[in-house]
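1. Just a sequence and a predicted model for now, questions to come.
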Amino acid sequence: MAVEQADGDHDGPVCPECGERTVRGSDKCFNCGAAVDSDEAISLAMWEYGGGLVAAFGFFLTPLLTALPAMYCAYRIYDRKPMSSYGILAVIVGTIVFWIVLPTVILPG
């Protein structure tokens, strides 16, 4: 199953089933759902799930450790999945608010 590179503004491979251009880093066609070999080490879905997971770890660790990697994951998926990147950013904001409110509730001044 040979996949050729598409010319134009998208630099992803062409779907072998329908011929539609795909986004570089995705592992399936968004038009027909066929599997596409993107020659990328990490697929778009892995950036999405990984970013959400890293952002959620901010509740247990601290946003100082998890915010930058989660924001990078949100940046990687923003072009194709903007609502998912907004969700990752919402979890980051939630962890920041959690870590600001938690000390004020537990240790009142």
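-> Done, it's in. Numbering: from 1, shown residues only.
2. now stretch 72-84: how far from the chain's centre is it?
-> Offset of stretch 72-84 from its chain centre (C-alpha atoms, centre = their mean, to the nearest Å): 5 Å.
3. Residue 77 versus the nearest residue to residue 79 once chain neighbours are set aside, what's the distance?
-> Using C-beta to C-beta, 6 or more residues apart in numbering and skipping residues adjacent in sequence, the residue nearest residue 79 is residue 23, 7.2 Å away. (Glycine included, C-beta is placed from N, CA and C.) Look at residue 23 and residue 77: by C-beta to C-beta, to the nearest Å, they are 10 Å apart.
4. joint contacts of those two?
-> residue 44 (C-beta atoms under 8 Å, 6 or more residues apart in numbering).
5. Between the two, tell me which one has more neighbours.
-> For the pair residue 23 and residue 77, the greater number of neighbours falls to residue 77 (24 against 18), based on other C-beta atoms under 10 Å.
6. any idea how far that one is from residue 103?
-> Using C-beta to C-beta, one gets 32 Å for the distance from residue 77 to residue 103.
7. Show me how the protein divides into domains.
-> Under the assignment automatic domain parsing, the domains of the chain span 1-41, 44-106.
8. Find the centremost residue of the chain, please.
-> residue 48 (2.7 Å; C-alpha atoms, centre = their mean).
9. What helix or strand is it located in?
-> Under the criterion DSSP states H and E, the helix or strand holding residue 48 is helix 44-56.
10. For that helix, could you pull out the residues that count as buried?
-> Buried residues in helix 44-56, defined by neighbour count with 16 or more other C-beta atoms under 10 Å: 44, 46-48, 50-52, 54-56.
11. Past it, which element shows up next along the chain?
-> Along the chain past helix 44-56, the next helix or strand (assigned with DSSP H and E) turns out to be helix 63-77.
12. Name the residues that touch that next one?
-> Helix 63-77 is contacted by residues 25, 44, 47-48, 50-52, 54-55, 57-58, 84-86, 88-89, 91-92, 95-96, 99 when judged by C-beta under 8 Å, 6+ apart.
13. tell me the angle of the helix ranked longest in the chain relative to helix 44-56?
-> Across the chain, the longest stretch assigned as helix under DSSP state H is helix 82-106. For the pair helix 82-106 and helix 44-56, the angle between their directions (axes from the mean of the first three to the mean of the last three C-alpha atoms, to 10 degrees) equals 10 degrees.
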